[in-house]
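Student: quick one, fold the following:
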Amino acid sequence: MHSKNMILKHPLSVRIFHYLLVISFVPLAVTGLILYFKPFSESTMNLTIRVHVIAGILLTFDALSFFMIGYKRVVLFLSRVFSISGNDFKWFAVLGGYPQKLLLHKKVPVPPMGKYNSGQKLFGVCVFIGGVILIFTGLALWAFPHNLPRGTVALLGHLHTIAAWALTLFLCVHIFLGIYMFDDFKAMFLHGKIPYEEAKEMAPLWVEKEIIPLPKN
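Tutor: Here you go, the predicted structure:
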C-alpha cells in the first residue's frame, strides 16, 4: 500500500533492539537445533557450543541494555501485549483472517485491533516469558552447572529446551507473516514508518486513540 502520509510505528531505539535480537537469536536458534540433534563431529559440536554461548551473551546484553535505556517503552509494550479484550477472542476465532486471505483469497470481517493484533500480542508474551526463561536458564547452565544439584540442572535444561523450541517455531511464523505484511517489515528494518491508511485498516484502535488525524489529500 503506497501513501504520501506516513506515521512512525517503530522508533529507532526499537529498530536497533530488533536488529540485535535478529543478530543474536537467529544464531542461537540454529546452534540450538544443532546441539539438540548433534549431527556433527565432537570438534564441530564444541565450536557450536562456543557460538551458542556468545550469541546468548549478546542476547542477554541486548535485553538488559534495552530494559535500562528504554524502560518506559518496555513497560508500554508489556501493557499492550498483556492486555486482553473480547476482540482478542474474536480475532483468534478467525485467526485474523489470514488463512482465508492466503488459502481462499477471501476477506472476512476482523475485529478492530490496537497497535498489535492478537497474534502479535501472543507472540510478544511468548517472547517476553520465553526470553526470560532462556536467559536465566542459559546463564545458570553455562556458569554454574557443577554448583547446582543434578535434578535442578536437569529441570533447567528441560525448561531451556521447551522455551527454545517454542520461540523458534513462533519465529518461523513471525518471519512469514512479517514478510507478508511487507510495509510493516520495511518499517521495522528501515525507516520505522507505515502508511497512515494501512494503519487505519490494520490497527484502527491505535490510530483512533493515539495517532493525530492526518488531513485527506
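
Student: how about low-confidence regions in this structure?
Tutor: The chain contains residues with pLDDT under 70 at 1-4, 213-217.

Student: show the subsequent helix or strand relative to the longest helix that it contains.
Tutor: Criterion DSSP state H: the longest helix present in the chain is helix 150-180. Past helix 150-180, further along toward the C-terminus, the next helix or strand under DSSP states H and E is helix 182-189.

Student: picking up where we left off before, and the longest helix of the chain, which residues are buried?
Tutor: Neighbour counts using 16 or more other CB atoms under 10 Å place 153, 156, 159-160, 163-164, 166-168, 170-171, 174, 177 of helix 150-180 among the buried residues. No exception for glycine: its C-beta is placed from N, CA and C like everyone else's.

Student: residue 118: which of those residues is nearest?
Tutor: Here the nearest of the buried residues of helix 150-180 to residue 118, counting by CB to CB, is residue 177; it sits at 12.6 Å.

Student: look up how far residue 121 lies from the closest one.
Tutor: When CB to CB, to the nearest Å is the yardstick, residue 177 and residue 121 sit 13 Å from each other.

Student: now residue 122: closest residue in space, sequence neighbours ignored.
Tutor: The shortest distance from residue 122 to any residue that is not its chain neighbour, by CB to CB, 6 or more residues apart in numbering, is 7.9 Å, and that residue is residue 81.

Student: isn't the one you found right next to residue 125, touching?
Tutor: Yes: A contact is recorded between residue 81 and residue 125 when judged using CB atoms under 8 Å, the distance being 5.3 Å.

Student: higher neighbour count, those two?
Tutor: residue 81 (20 against 13; other CB atoms under 10 Å).

Student: look up phi and psi at the more buried one.
Tutor: The phi and psi torsions at residue 81 (degrees, to the nearest 10) take the values phi -70, psi -20.

Student: now do the contacts for it.
Tutor: Neighbouring residues of residue 81 by CB atoms under 8 Å, 6 or more residues apart in numbering: 116, 120-122, 124-125, 128.

Student: out of these, who's nearest residue 5?
Tutor: Each of the contacts of residue 81 was scored against residue 5 by CB to CB, and residue 116 proved nearest at 21.2 Å.

Student: part of a helix, is the closest one?
Tutor: No: counting by DSSP: H, G, I helix; E, B strand; the rest coil, residue 116 falls outside a helix, being coil.

Student: confirm that residue 60 sits in a helix.
Tutor: Yes: under three-state DSSP, residue 60 sits within a helix.

Student: residues near it, how many?
Tutor: 17.

Student: helix or strand for the closest residue to it other than its chain neighbours, which one?
Tutor: For residue 60, ignoring the flanking residues on the chain, the nearest one in space by CB to CB, 6+ apart is residue 135 at 5.1 Å. Element membership of residue 135 [criterion: DSSP H and E] is helix 118-143.

Student: verify the stated contact: residue 114 with residue 205.
Tutor: Yes: at 4.5 Å, residue 114 and residue 205 qualify as touching, with contact defined as CB under 8 Å.

Student: could you pull out the buried residues of the helix or strand hosting residue 194?
Tutor: Element membership for residue 194 (DSSP H and E) is strand 193-195. Neighbour-count burial for strand 193-195 flags 193-195 (criterion: 16+ other CB under 10 Å).

Student: which helix or strand lies directly C-terminal to that strand?
Tutor: Secondary structure here is assigned by DSSP H and E; on that basis, the next helix or strand after strand 193-195 toward the C-terminus is helix 196-202.
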